[in-house]
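Undergrad: sequence unknown, structure follows:
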C-alpha cells in the first residue's frame, strides 16, 4: 500500500485545494440563501404600520442594525476598526432615507426590484471592472457572468411594467403583523399624513421610481470602501497595509457609519420640523425587527463576498430578494392584481432565476 509520503505533493495539494474550494462554495451559497430570504422579507413587519415620512422609522431600523454589528464584533473578538469603512455605511444610510416613500408610492415588491437592479449594476460593475481604485474581480466563466448579470438587470426592467395597487396601511379593519391595533394609539399617531400621501397617482409612480433608482445607486456603492481597504492590504505604502481579508471584520465599522449617519439625519430632520417630528410609537417594535433582519442579511452578504467574490454575490443577492418581496406583495398584501400583471411577473421571475443561476455557475 502506498503511504502518504509516496504520493506526489502536487496531488495532495490539488485534493486539498478542491476540498477548500467546494467548502467555500457551500458557505458562499448558503450565505446567499439566508441573505436573500431576509432581504426579501425585512420590510414585511412594517408594511401595515404607520411610519409617517420614514425618518423616525429609519433611525429605529439603523439602531437595530448597529446592535447586530455589535454582537458580530464581540463574536469576532473585536477586529481592527477602520474608520474609513464607515463611509460605506454613510452612503447606504443616505440611500435608505428613500425607502419609506418608495414603499408608499410604488409598493414593497416593485420598489425593491427597481432599487435592486441599480444596486446590481453599480455593485457588480465596480467589482468586475475595478472602479474607484479597487481590484477588478475575475471569474471562471466570464461569459456566464455577463449573461447572468444582464438577465438580472433585464428582469428589473420587466418588473417596471407591473402595475401595483398600493393601499394606505393599518386601517380600522386591519391588524399590523406584530402588534395589536389598539396599542399606543393616539390622535397624534393614528393618521399618516406625510407628503407622499398628497401626491396624485401618476406623480407617485414617477417619484417612487426615481427614488428607487437613487436608492439603488447608493446601495451599490456602499461596499466600495471595504473593498478598497481590502485591495490595498498588500501595499506597504498604503494606509491600509495589513488590513484583514475577511469581509465580516468590517461589519462593525460599516454599521457604525450607518447608525451615526442616520442619527445625524434624524437630528437635522427634528430641527427642520422645529422639534415636532412625526414619531409613531407603533413603528418601534416592527422597525427594530426589520433592522435585525436587515443586519443579519448584510452579515451574510459580507460572508458571500468573502467566499464567492462580489462579482458573483451581487447579481444573486440584489435581485432574488425582489422575487421574494414580489411574492409577499402578490400573495399577502395584494399589491398586484390582474392576469396581465401576473404574466409579466412570471416572465420577470424566470429572468431573475436564470440570471442568478448563470451567475452562480460562472464561479464553478
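TA: Arrived safely, thanks for sending. Since the model is a prediction, treat every value here as computed from it, not as a measurement.
Undergrad: ok, the residue nearest the centre of the chain - contacts?
TA: Nearest residue to the geometric centre of the chain (C-alpha atoms, centre = their mean): residue 39, 5.8 Å. Counting by C-beta atoms under 8 Å, 6 or more residues apart in numbering, residue 39 touches 294, 297, 317, 321, 324. No exception for glycine: its C-beta is placed from N, CA and C like everyone else's.
Undergrad: where does the prediction get shaky in the chain?
TA: By pLDDT under 70, the low-scoring segments of the chain are 1-20, 108-109, 139, 156, 159-160, 162-197, 329, 332-337, 360, 363-364.
Undergrad: please enumerate the helices of it.
TA: In chain order, the chain shows helices spanning 9-41, 55-75, 86-96, 99-106, 108-129, 142-159, 201-221, 224-231, 251-272, 284-308, 310-331, 339-361, with DSSP state H as the criterion.
Undergrad: nearest to residue 47, of the ones you listed?
TA: helix 108-129 (6.1 Å; C-beta to C-beta).
Undergrad: list the contacts of the residue nearest to residue 238 when sequence neighbours are not counted.
TA: Computed as C-beta to C-beta, 6 or more residues apart in numbering, the closest residue to residue 238 that is not its neighbour in sequence is residue 232, at 4.1 Å. Contacts here follow C-beta under 8 Å, 6+ apart; on that basis residue 232 touches 133, 238, 239, 240, 241, 243.
Undergrad: can you flag the buried ones in these?
TA: When neighbours are counted using 16 or more other C-beta atoms under 10 Å, the contacts of residue 232 contain these buried positions: 240, 243.
Undergrad: closest to residue 94 among the contacts of residue 232?
TA: Proximity of those to residue 94 was ranked by C-beta to C-beta; the top entry is residue 133 with 20.6 Å.
Undergrad: how about the nearest residue to the closest one, chain neighbours excluded?
TA: What sits nearest to residue 133 in space, not counting adjacent residues and going by C-beta to C-beta, 6+ apart, is residue 228, at 5.6 Å.
Undergrad: swap in residue 252?
TA: residue 73 (3.9 Å).
Undergrad: could you report the neighbour count for that neighbour?
TA: For residue 73, the tally of surrounding residues (other C-beta atoms under 10 Å) stands at 19.
Undergrad: go on, residue 204?
TA: Look at residue 204: counted by other C-beta under 10 Å, it has 18 neighbours.
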